[in-house]
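**Student:** I need the structure of the sequence given here:
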Amino acid sequence: MSEKKLKFNSRTIHGGQEPDKAYGSVMPPIYQTSTYAQTTPGGHQGYEYSRSGNPTRTALENSLASIENGNYGLAFASGLSAIDAVIKLLEPGDEVVSTNDLYGGSYRLFRQVYEKYGIVFHFIGMQDASEIASYITDKTKLIWVETPTNPMMHIVDIAAVSGLAKKHDILLAVDNTFATPYLQRPLDLGADIVMHSATKYLGGHSDVVVGALVVKDKELADKLYFLQNASGAVCGPMDSFLVLRGIKTLHVRIQRHCENGRAVAEYLAKHPKIEKVYWPGFEDHPNHDIAASQMDDFGGMISFVTRGCAYADAIKIVESLRVFTLAESLGGVESLAGHPASMTHASIPKEEREKSGVVDALIRLSVGIEDKDDLIADLEQAIG
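**Tutor:** Residues are numbered from 1 along each chain as shown. Next comes the predicted model:
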């Protein structure tokens, strides 16, 4: 059967893959090499130096392209190095319109690294896509979207933003880390670039740091491939192998993340000590209807605030958890809890954080694939 006819669950296992040509290995071998023998200068078998290309990394990049319904995948040393390559498409004086509720590392890269090179960033709420238009000028070259956003779970209408971007000939990049291609496929909705911190759900086991970009357009892919090779922030063969292995179980893991996420969100929403729960599966969540139309389910990422919004209450809860682990990151098989204001979003000034809802009392959960009853019992003992 043609790969394009395979459904998603099959493509996580077979997409872009074929048995190794040397010995028929079902899993791509880990080509732990820096260089490749040549028969004559420039005469090689497709690879000459592993910064430029490595067969294990190629296998991962082919898989990434397949599951995102793209044509070209690129794997990087981290999610931030993937974002870095996208920003390097721009020139001094160019402008970027970005969501104002986004991962703190992305904000830090934009403001503290690239602003000093003359790139201008506008951070705005994108829940109403029509409001983006007032920030677009003839210098705007990129719209950067997270949806669901980190950590407030805001939903952005990708198709609506894509229509606006195409009208003004602007690139649209979507960070799809929270949703994964199992739940949401931005390229199908009109995005030009999809970015992943593959460290998270794609790898799925908290044992690797990798970033990814996927595109459909060859000219754009060639520009990004050039930057990938020229800047050199590539992932190694072992890291590539680990993420590729993780992708093969993505579909079954995300099903459980979604099931557990729903159970935990509903429990928290009924708890008398919880003031607000942010999870796009609730019908009263802002833009829930958009989430329901562009996502296949609502994921396992949840944020909440205790009544009274006390910083001390949030710290006590995260320090008291026993099944949830207090740690950075998300998307692994184990459940994690974090305090965004002091952890993932500490690089964003307090005033800017709170404008988008990231208050000191906010707790973010990455709900894993353990038994949901154990997760709820852990929250019960920690919240009291």
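**Student:** any idea how far apart the tips of stretch 65-78 sit?
**Tutor:** 17 Å (C-alpha to C-alpha, to the nearest Å).
**Student:** swap in stretch 193-205?
**Tutor:** Start-to-end, stretch 193-205 (C-alpha to C-alpha) is 25 Å.
**Student:** cool, and stretch 354-361?
**Tutor:** Using C-alpha to C-alpha, the two ends of stretch 354-361 sit 11 Å apart.
**Student:** now do that stretch: everything it contacts.
**Tutor:** Stretch 354-361 is contacted from outside by 100-101, 125, 151-152, 278, 305-306, 308-311, 313-314, 340-341, 345, 348, 350, 353, using C-beta atoms under 8 Å, 6 or more residues apart in numbering. Backbone N, C-alpha and C define where each C-beta goes, glycine included.
**Student:** what residues sit buried inside that stretch?
**Tutor:** Buried residues in stretch 354-361, counted by 16 or more other C-beta atoms under 10 Å: 356-361.
**Student:** quick one, domains of this structure?
**Tutor:** With domains defined by automatic domain parsing, the chain comprises 3-247, 250-383.
**Student:** run the chain-centre distance for the shortest one.
**Tutor:** Distance of domain 250-383 from its chain centroid, counting by C-alpha atoms, centre = their mean, to the nearest Å, is 16 Å.
**Student:** quickly note the distance from residue 218 to residue 227.
**Tutor:** For residue 218, the distance to residue 227 equals 15 Å [C-beta to C-beta, to the nearest Å].
**Student:** which one's more surrounded, these two?
**Tutor:** Comparing residue 218 with residue 227 by other C-beta atoms under 10 Å, the one with more neighbours is residue 227, at 20 against 11.
**Student:** can you pull the contacts of that one?
**Tutor:** When contacts are counted by C-beta under 8 Å, 6+ apart, residue 227 touches 85, 88-89.
**Student:** helix, strand, or coil at it?
**Tutor:** What DSSP: H, G, I helix; E, B strand; the rest coil gives for residue 227 is helix.
**Student:** what pLDDT does the model give it?
**Tutor:** pLDDT recorded at residue 227 is 98.
**Student:** tell me the one of the buried residues of stretch 354-361 nearest residue 56?
**Tutor:** residue 358 (37.8 Å; C-beta to C-beta).
**Student:** where does that closest one land on pLDDT?
**Tutor:** Here, the pLDDT recorded for residue 358 equals 87.
**Student:** so what touches stretch 269-278?
**Tutor:** Around stretch 269-278, the neighbours that count as contacts under C-beta under 8 Å, 6+ apart are 151-153, 265, 268, 282, 285, 302-309, 357, 383-384.
**Student:** and that stretch, end to end?
**Tutor:** End-to-end distance (C-alpha to C-alpha), stretch 269-278: 9 Å.
**Student:** with stretch 35-43 instead?
**Tutor:** End-to-end for stretch 35-43, by C-alpha to C-alpha: 13 Å.
**Student:** then stretch 116-128?
**Tutor:** Start-to-end, stretch 116-128 (C-alpha to C-alpha) is 30 Å.
**Student:** what does that stretch rub up against?
**Tutor:** For stretch 116-128, using C-beta under 8 Å, 6+ apart, the contacting residues are 87, 90-102, 107, 110-111, 114-115, 131-132, 135, 139, 145, 154-156, 161, 286-287, 352, 356.
**Student:** now go through those residues and say which are in strands.
**Tutor:** 95-99, 145 (DSSP state E).
**Student:** tell me the one of the residues you listed nearest residue 27?
**Tutor:** Nearest to residue 27 among the ones in strands among the contacts of stretch 116-128, with distances taken as C-beta to C-beta, is residue 145, at 34.1 Å.
**Student:** quick one: that closest one from residue 190, how far?
**Tutor:** Computed as C-beta to C-beta, the residue 145 to residue 190 distance reads 11 Å.
**Student:** look at these two and report which has more neighbours.
**Tutor:** residue 145 (26 against 17).
**Student:** that older thread, among the contacts of stretch 269-278, which lie within helices?
**Tutor:** 265, 268, 383 (DSSP state H).
**Student:** where in the chain is pLDDT low?
**Tutor:** Applying pLDDT under 70 to the chain flags residues 1-2.
**Student:** just the helices in it please.
**Tutor:** Under DSSP H, the chain gives helices at 8-14, 55-67, 79-87, 104-108, 158-167, 180-183, 218-231, 237-247, 250-270, 288-294, 311-320, 350-355, 372-383.
**Student:** which residues are in contact with the first one?
**Tutor:** Just to be clear, that refers to helix 8-14. Helix 8-14 is contacted by residues 3, 6, 63, 66-67, 181-182, 247-251 when judged by C-beta under 8 Å, 6+ apart.
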